[in-house]
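how does the following fold in three dimensions:
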Amino acid sequence: MSDYMFMLDSHLNSGQNKALSKVANAAEEAGLNVFLTGGAMRDMMGGLPIRDLDFTVEGGTVKFAKSIAQNANAEVLSIDDARKSVELRFPENITVSISPAHQERYPRPGAKPQVQPSTIHEDLRCRDFTVNAIALSLGKGSRGLLLDPTNGLGDLRNKELRAVGSHTLFDDPARIFRLIRLKIRLSFAVDERTQLQYQNALEADIPSKISQEALHRELMQIAQEPLAGEILQALDEEKLLGVISPALTGSKLNLVGFQKLQRLQLALGPESALAREARRLFFYLLFEKLTPRERSQVAKSLGLDKATLDAIGKLEARAAKVEKELAAFKFSRPSSLYWLLSKVPGELVLFLLMRSKQRLVLDRLKNYYQKYLPVAHEVSETDILEQGIELGTPKFAKVRTELITARLDARPKKIAVEEPPPPAPVGPGRRSQSILNR
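Numbering: from 1, shown residues only. Down below sits the predicted model:
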């Protein structure tokens, strides 16, 4: 095993490890070269937890990805018809993207790209930022080989964001939002040439050319960030939120609400599954201070569909229903509370942790995520497979339930949990100078 493969293995959780093995094995059977790329490599080489797995394949991907979904009990979430990339969700809520190695050429800023198949080296040289242009081969013959044609590793060491090309931000204007998101998330500086390109793009009004689809995609990425409030504040200071709607500025930007969510997510652990189930809650907070007309304008700019808007609108009522049930719930064993809350969507748990004023409800929610969830996660698939029970069968699910229940009820009821101190507040005035000039 190469040093890089050992490093990768140490950064993956069990669910990610299984998903990576399934993709790599499927590529070997199909005779395709597959590489781990993008954010997964950036986070691994930067010493950060890996969130999602991004794979690049030299060859066709749609049929390949669909066959993986069918054989690995994964769900196809979306297919990009232009780039032929596929997003999958594996068990344990592991998100995976599979894309073909390709080059993109833009006839004008913000236009749909002309996509052509390419080698992995050409693909990496056409990406957005050098820290996202690193790849690790997972193929049998070259497993563990690192590819870094733009010196992304050097920029990671220097904690610097550098655009791959001189027209990176002009070709795809959504990368302007991405630049600021990555700067806040990674606490990196922006290199001099990239900063100049950014300033030129603003002077040329390039942000106004961001497509609705790209804007939606970037906001969905921000919604998953524990520092979402800081990112929105930075975008506001750079006068970029006006691209979405003039209403999302100043006092209409719900920084207090995002500050509370940020503290909660960091207390949970930035990479915890529960902390990341905040997309609808993110948009709820984004809309909270807006008038109905302003909400409609923002929704139109982002291309939010009716089902999503309805879900956001019903979030508060759904949380109130859970709060009432939780306050009245009678239980004598930890497993009873665990199985009740395990069926509640994470966004509702987060909402109640932010807004509930009932001490009993808050205590029960904290017990759930601080005590019972970690204990339940101690029951692994291996524990059940060792009993000769096949994965995915009703018996497997039954035995898993029994093991979790037994382990929860065997633990002492009182466990001291030390909560981390809250982070520095997010609020007006924290970033008085341009986010790219510091």
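
for the protein, which spans come out with low pLDDT?
Residues of the chain meeting the criterion pLDDT under 70: 1-2, 269-276, 411-438.

show me how it divides into domains.
For the chain, the structural domains run 1-160, 328-410, going by automatic domain parsing.

need the winner for burial among those.
domain 1-160 (a mean of 18; mean count of other CB atoms under 10 Å). (Each C-beta comes from the backbone N, C-alpha and C, glycine too.)

and that one, how far out from the chain middle?
Its chain's C-alpha centre and that of domain 1-160 lie 15 Å apart, by CA atoms, centre = their mean, to the nearest Å.

just to revisit the earlier point, got the domains of the chain as TSV, with distance to T291 columns?
Compiled in TSV, these are given as follows (distance: least, CB to CB, whole Å):
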stretch	distance to T291
domain 1-160	29
domain 328-410	21
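
so which of the ones you listed is nearest A278?
Closest of those to A278 is domain 328-410, at 5.7 Å (criterion: CB to CB).

pull up the distance across that closest one, start to finish.
One end of domain 328-410 sits 24 Å from the other (CA to CA, to the nearest Å).

what of stretch 286-299?
Start-to-end span of stretch 286-299 (CA to CA) is 11 Å.

mind listing residues that contact it?
Identification of contacts with stretch 286-299 by CB atoms under 8 Å, 6 or more residues apart in numbering yields L232, I244, S245, A247, L248, S251, K252, L253, N254, G257, L309, I312.

run the last query once more with 7 Å
For stretch 286-299, contacts defined as CB atoms under 7 Å, 6 or more residues apart in numbering pick out I244, S245, A247, L248, K252, N254, G257, L309, I312.

element containing the spatially closest residue to the third one that is not a sequence neighbour?
Translated: A247. Spatial nearest neighbour of A247, excluding adjacent residues (CB to CB, 6 or more residues apart in numbering): E294 at 3.9 Å. Element membership of E294 [criterion: DSSP states H and E] is helix 292-302.

may I see the buried residues of that helix?
For helix 292-302, a neighbour-count test (16 or more other CB atoms under 10 Å) marks E294, R295, Q297, V298, A299, S301, L302 as buried.

quick one: which of those is nearest L147?
Set against L147, the nearest of the buried residues of helix 292-302 by CB to CB is L302 (34.9 Å).

got the contact list for that closest one?
Counting by CB under 7 Å, 6+ apart, L302 makes contact with L215, H216, L219, I244.

what's the most distant pair in these?
Greatest spacing in the contacts of L302, by CB to CB: H216 and I244 (9.8 Å).

neighbour count: these two, which is higher?
Shown here are H216 and I244; by other CB atoms under 10 Å, I244 has more neighbours (22 against 17).
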